[in-house]
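*Asks:* Sequence and predicted structure below; questions after.
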Amino acid sequence: MGFVPSIVSHIMVIGSVFQGFVTSDWEGLDRITYPPLANYTYSVQASVNTGVDMIMVPYNYHKFISTLTNLVHKKMIPMYRIDDAVTRILRVKFALGLFEQPLIPRIT
């Protein structure tokens, strides 16, 4: 994951201009530390607090969810950061019409 906190934070500062959301690389969270997965908790905290809105965790998502939840409960990741990420993601989905016309047909 190309992880440069100052650049991601700068994008977030100009958020009134940038109406999208920041997404990690596929399994990028695992590669923030060296060797990969050396400090998973740090990787989750650093990426979310720096401004990554959608973290691509394809396989071990249970560990990600529990780590993220734990960090929020410990107030190491503020709830307003989670709210901001959700707002950014949903804003784009609404703008694309993904709630009115899903890409796949509904099974009734």
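*Replies:* Thanks, I have the structure now.
*Asks:* so what does the longest helix along the chain touch, helix or strand wise?
*Replies:* Counting by DSSP state H, the longest helix found in the chain is helix 79-95. The contact analysis (3 or more C-beta pairs under 8 Å, 6 or more residues apart in numbering; DSSP states H and E) places helix 79-95 against helix 40-50. C-beta: built from backbone N, CA, C; applies to glycine.
*Asks:* got the angle between the helix it packs on and helix 79-95?
*Replies:* Orientation check (axes from the mean of the first three to the mean of the last three C-alpha atoms, to 10 degrees): helix 40-50 against helix 79-95 gives 60 degrees.
*Asks:* Show me how far the longest helix of the chain is from its chain's centre.
*Replies:* Relative to its chain's centre, helix 79-95 lies at 10 Å (C-alpha atoms, centre = their mean, to the nearest Å).
*Asks:* what pLDDT, on average, does it get?
*Replies:* Mean pLDDT, helix 79-95: 93.
*Asks:* Use 171 as the first number for this chain going forward.
*Replies:* Fine by me, first position is 171 from now on; the one you just mentioned is helix 249-265.
*Asks:* contact partners of that helix?
*Replies:* If you take C-beta atoms under 8 Å, 6 or more residues apart in numbering as the criterion, helix 249-265 is touched by Gln189, Gly190, Phe191, Val218, Asn219, Asp223, Met224, Val242, Phe269.
*Asks:* Just those: which are in helices?
*Replies:* If you go by DSSP H, the contacts of helix 249-265 have Val218, Asn219, Val242 in helices.
*Asks:* neighbour-wise, which of these leads?
*Replies:* Neighbour counts for those (other C-beta atoms under 10 Å) peak at Val218, which has 22 neighbours.
*Asks:* quick revisit: now the contacts of helix 249-265 as CSV including pLDDT and distance to Tyr210?
*Replies:* CSV is the format used below for these (pLDDT from 0 to 100; distance: C-beta to C-beta, whole Å):
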residue, pLDDT, distance to Tyr210
Gln189, 80, 31
Gly190, 86, 27
Phe191, 90, 23
Val218, 95, 13
Asn219, 94, 15
Asp223, 94, 19
Met224, 95, 18
Val242, 97, 15
Phe269, 83, 33
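*Asks:* Perfect, I'm done here.
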